[in-house]
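A.B. asks: Show me the folded form of this:
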Amino acid sequence: MEYITVRQAAVKWGISERRIHKLCQDNRIDGQMRFSDVWMIPANAEKPFDRRLKNTPPIRKPNRTEGKQDE
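C.D. replies: Model prediction:
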């Protein structure tokens, strides 16, 4: 099995190295291993779902013309 570094995973998934470290600490990446102070992530690992995001519709902001009365 091939492994990649935290930096390589951050580039691959488009997130910060700090976020990769946190995902590893929380055991959210399948197959990750730690050697001393270095995290090794399987090259074929999937990016974990971001539980911080919710599936809510965007907040609709009223237009400037809405709510104004015709003069």
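
A.B. asks: Spit out the contact partners of the closest residue to residue 42 other than its chain neighbours.
C.D. replies: Sequence neighbours aside, residue 31 is the residue nearest to residue 42 in space, at 4.1 Å (criterion: C-beta to C-beta, 6 or more residues apart in numbering). (Glycine included, C-beta is placed from N, CA and C.) Counting by C-beta atoms under 8 Å, 6 or more residues apart in numbering, residue 31 makes contact with 1, 41-42, 45.

A.B. asks: Of these, which is the most crowded?
C.D. replies: Sorting the contacts of residue 31 by how many neighbours each has (other C-beta atoms under 10 Å) puts residue 41 first, at 23 neighbours.

A.B. asks: host element of that one?
C.D. replies: strand 38-42 (DSSP states H and E).

A.B. asks: Tell me the secondary structure at the residue nearest to residue 42.
C.D. replies: coil (DSSP: H, G, I helix; E, B strand; the rest coil).

A.B. asks: residues in contact with the strand holding residue 41?
C.D. replies: Contacts for strand 38-42 (C-beta under 8 Å, 6+ apart): 1-6, 8-9, 20-21, 24, 29-34.
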